[in-house]
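Asker: Provided below for reference: sequence and predicted model.
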Amino acid sequence: MERRQMMLGATAALTGAAALSQALAADNKTAGNQPGNQAENTCCGECGDCRSACLACVVACLDEVGHKACIQMCLDCADICAACDAIAARKGPMATAMRALCASACEQCADQCSKHTEDKACMACAEACRACAKRCRAAA
């Protein structure tokens, strides 16, 4: 009896997931004709790239003296980029607000990392953050 209930529950969950997937696919087809969607899709890609650059910067800065503020900023920026990427990808109701927050965090992170001109990881992070901020602002 218990196994049967689990199977029924799993079937119901899969049916619900399939219906949601179909609804999202229909929304995406209709939304594909609206202006600005290319910027939204690009924003998600930029957020992933920025997050990776921020985490690489953290790793590089762990061995450096006086980079505590950089590490903290990069960790915050990476987390915000991850959240923005997820919310924007599913076109959640907070997507516009998250893009604006992400752009602000990326600008601040770029400013912080730009202070370390001798560090290649910091400079790469600053560049990725500026690109992400630009895309998120355009999509917000």
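Answerer: Perfect, I can see it now.
Asker: who's in contact with stretch 58-75?
Answerer: 54-55, 57, 78, 108-109, 112-113, 115-116, 119-122, 125 (C-beta atoms under 8 Å, 6 or more residues apart in numbering). Placement of C-beta: from N, CA and C, glycine included.
Asker: report the buried members of these.
Answerer: Burial by neighbour count, judged by 16 or more other C-beta atoms under 10 Å, picks out 54, 55, 57, 78, 109, 112, 113, 116, 119, 121, 122, 125 from the contacts of stretch 58-75.
Asker: just the C-alphas of the helix or strand hosting residue 124, formatted as CSV.
Answerer: Element membership for residue 124, per DSSP states H and E: helix 120-139. Extracted C-alpha coordinates of helix 120-139, given in CSV (Å, rounded to 0.1, in the frame of the first residue of the first chain):
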residue,chain,number,x,y,z
LYS,A,120,45.5,39.3,-13.2
ALA,A,121,42.6,37.6,-11.5
CYS,A,122,41.3,40.9,-10.1
MET,A,123,41.6,42.6,-13.4
ALA,A,124,39.8,39.7,-15.2
CYS,A,125,37.1,39.8,-12.5
ALA,A,126,36.7,43.6,-13.0
GLU,A,127,36.3,43.1,-16.7
ALA,A,128,33.7,40.3,-16.3
CYS,A,129,31.8,42.4,-13.7
ARG,A,130,31.6,45.4,-16.0
ALA,A,131,30.3,43.3,-18.9
CYS,A,132,27.7,41.7,-16.6
ALA,A,133,26.6,45.1,-15.2
LYS,A,134,26.2,46.4,-18.7
ARG,A,135,24.0,43.5,-19.8
CYS,A,136,22.0,43.5,-16.6
ARG,A,137,21.3,47.2,-16.8
ALA,A,138,20.2,46.8,-20.4
ALA,A,139,17.8,44.0,-19.4
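Asker: ok, and for it, which residues are buried?
Answerer: 121-126, 128-139.
Asker: domain assignment for the chain?
Answerer: Following the assignment in automatic domain parsing, the chain carries domains at 1-34, 37-139.
Asker: which one of those has the most crowded surroundings?
Answerer: domain 37-139 (a mean of 20; mean count of other C-beta atoms under 10 Å).
Asker: could you report the pLDDT at the most centrally placed residue in the chain?
Answerer: In the chain, the centroid-proximal residue (C-alpha atoms, centre = their mean) is residue 85; its distance is 2.7 Å. Looking at residue 85, its pLDDT is 91.
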